[in-house]
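1. after the sequence you'll find the predicted model.
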Amino acid sequence: MMTVAGFALAGLAACGSDDEGGDDTGSVYFLNWKPESEETYQEIARVYEEETGVPVKVVTAASGTYEQTLRSEITKSDAPTLYQINGPMGLRTWQQYALPLDDTDFAKDLNDPGLALFGEDGNVYGVPLAVEGFGIIYNEAIFEEYFAMDGAKVSSMDEINNFDTLKEVTDDMQARKDELGIDGVFASTSLATGEEWRWQTHLSNTPVYYEYQDAGVTDMEEIQFTYNENYKNIFDLYLTNSTVEPALTPSKTVTDSMQEFATGKAAMVQNGNWAWSQISDIEGNTVAEEDIKFLPIYTGVEGEENRGINIGTEAFMAINSQASEADQQATIDFVNWLFSSEEGMEYVTNDLGFIAPFQSFGDNVPSDPLAVEVNAYMTDSDLEPIPWVFTTYPSQQFKEDFSGALGQYASGNIEWDEVVSTFTSSWAREKANLG
């Protein structure tokens with residue numbers, strides 16, 4: 001959902017300073033993934049074009065339509081020169097349109113070269129737009145009130161570093177919800193159609209990661225959902241210690257959930273650092289900025305006290321290999337400017353709000369509290385983050401099959417073993433369909 005980086009303005013001078021704007025100058029067409037960044041990208045394009053004379057067009061796909069829009073645009077004579085690939089599964093579709101980026105300054109400037117998107121030939125075809133993190137967001141003020149109560153199960157957040165303790169505290173807080181002035185410990189679990197991504201994708205990232213780790217692989221054609229009971233542990237905790245009854249969750253949206261947290265009706269909510277605007281911009285927000293913190297998603301796996309939040313990326317910047325050499329170079333120069341020049345980096349950090357995974361940014365991160373928390377977890381040498389592996393999930397259909405089963409389970413219509421069966425069978429079928 002976020003950033004890229006690079007450095008060196010030499011390419012910019014070589015390519016973008018021709019006042020006469022001949023054919024050799026090239027141009028940039030950026031197909032933007034994130035609707036919320038549209039206004040900022042349009043301003044960036046205008047400023048860059050004014051400074052360099054290089055035309056920059058930004059087109060933003062409507063929410064949920066990026067792949068469809070890219071399919072339509074990529075075959076046109078005036079196709080995007082800069083676009084985004086959604087992880088390894090996306091690369092299977094788009095590699096023929098992806099230029100190797102190994103020699104670009106921004107690819108070389110990654111803090112962690114392993115964050116790049118590699119093809120089977122070992123070349124880099126995508127560079128992360130940003131790093132992000134997700135976990136359990138909590139309101140520290142509510143917890144401090146709980147810690148001060150007689151008989152509180154713990155006295156500080158430092159003691160909550162595993163699932164058993166989290167459950168003990170959560171159950172006790174739920175029993176005292178009236179005293180704490182909340183409707184429930186966790187905000188509602190959003191299982192309405194199209195709103196289930198926090199559970200079908202993000203929450204399942206942890207058990208799938210551990211299964212991959214046990215097998216020593218980075219993907220599987222068939223999966224056992226070995227850690228399904230760990231998933232069930234935390235999912236049940238969300239459902240039974242919530243602002244709403246479990247049967248109501250199939251009608252709840254992410255907006256409902258975030259509003260409950262922002263207005264102080266819930267002490268915790270699972271989401272990522274992008275949720276800061278969903279909290280701060282909600283009318284009636286009562287949560288102080290300094291009270292918004294992250295807690296890892298504990299599920300009962302051995303050794304989880306040494307684990308941090310989930311950190312990674314799913315959006316990778318790619319350059320169209322079918323574009324003219326002039327347009328390719330103009331696009332590379334644009335990216336180098338955006339993620340290495342003082343002006344460009346100012347836009348990235350302060351306006352786009354990206355946590356840039358590049359050396360050129362140093363310690364420069366957005367000032368919002370969730371971005372600060374992600375950076376703190378990334379730099380904590382005592383905690384190992386859980387990397388994002390959900391970019392290997394076989395298809396959107398798999399995710400919808402899984403979330404549909406979760407909704408039926410939450411409503412009391414099916415048993416947990418049916419959820420597990422849906423997960424494993426849909427995964428195998430959808431992986432096989434990839435050919």
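-> Nice, I can see it.
2. phi, psi for residue 126 please.
-> Phi and psi for residue 126, reported as degrees, to the nearest 10, are phi -150, psi 140.
3. show me what it is bridged to.
-> Bridge pairing for residue 126 (DSSP bridges) gives the partners residue 117.
4. residues contacting it?
-> Listed by Cβ atoms under 8 Å, 6 or more residues apart in numbering, the contact partners of residue 126 are 85, 91, 98, 101, 116, 117, 316, 317, 318. No exception for glycine: its C-beta is placed from N, CA and C like everyone else's.
5. just residue 172 next, same as before
-> Per Cβ under 8 Å, 6+ apart, neighbours of residue 172: 146, 151, 152, 153.
6. let's see it at 10 Å
-> 146, 149, 151, 152, 153, 154, 185, 241 (Cβ atoms under 10 Å, 6 or more residues apart in numbering).
7. between those residues, which is nearest residue 282?
-> Of all the contacts of residue 172, the one with the least separation from residue 282 (Cβ to Cβ) is residue 185, at 19.3 Å.
8. any idea which element that closest one lies in?
-> strand 184-186 (DSSP states H and E).
9. check the offset of the next helix or strand after that strand from the chain's centre.
-> Per DSSP H and E, the first helix or strand lying C-terminal to strand 184-186 is helix 197. Distance of helix 197 from its chain centroid, counting by Cα atoms, centre = their mean, to the nearest Å, is 11 Å.
10. ok, then the element right after helix 197?
-> helix 204-215.
11. in the next helix or strand after that following helix, what's buried?
-> With elements assigned by DSSP H and E, the helix or strand that comes after helix 204-215 is helix 228-240. Neighbour-count burial for helix 228-240 flags 228, 230, 231, 232, 233, 234, 235, 237, 238, 239, 240 (criterion: 16 or more other Cβ atoms under 10 Å).
12. which stretches in the stretch 51-200 of the chain count as strands?
-> 56-60, 82-85, 117-118, 124-128, 132-139, 184-186 (DSSP state E, counting those that start in this stretch).
13. now the stretch 301-435 of the chain
-> 307-312, 316-319, 384-387.
14. now, of those strands, which is deepest in the fold?
-> Of all these, strand 316-319 has the most neighbours on average by mean count of other Cβ atoms under 10 Å, namely a mean of 26.
15. that strand pairs with which strands, and in what direction?
-> strand 82-85 (antiparallel), strand 124-128 (antiparallel).
16. which stretch among those strands comes nearest residue 175?
-> Closest among these, using Cβ to Cβ: strand 124-128, at 42.9 Å.
17. on that earlier part again, make a markdown table out of the strands of the stretch 51-200 of the chain and add mean pLDDT and distance to residue 46.
-> Formatted as a markdown table, the strands of the stretch 51-200 of the chain follow (pLDDT from 0 to 100; distance: least, Cβ to Cβ, whole Å):
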| stretch | mean pLDDT | distance to residue 46 |
| --- | --- | --- |
| strand 56-60 | 97 | 8 |
| strand 82-85 | 96 | 16 |
| strand 117-118 | 94 | 29 |
| strand 124-128 | 97 | 24 |
| strand 132-139 | 97 | 27 |
| strand 184-186 | 98 | 43 |
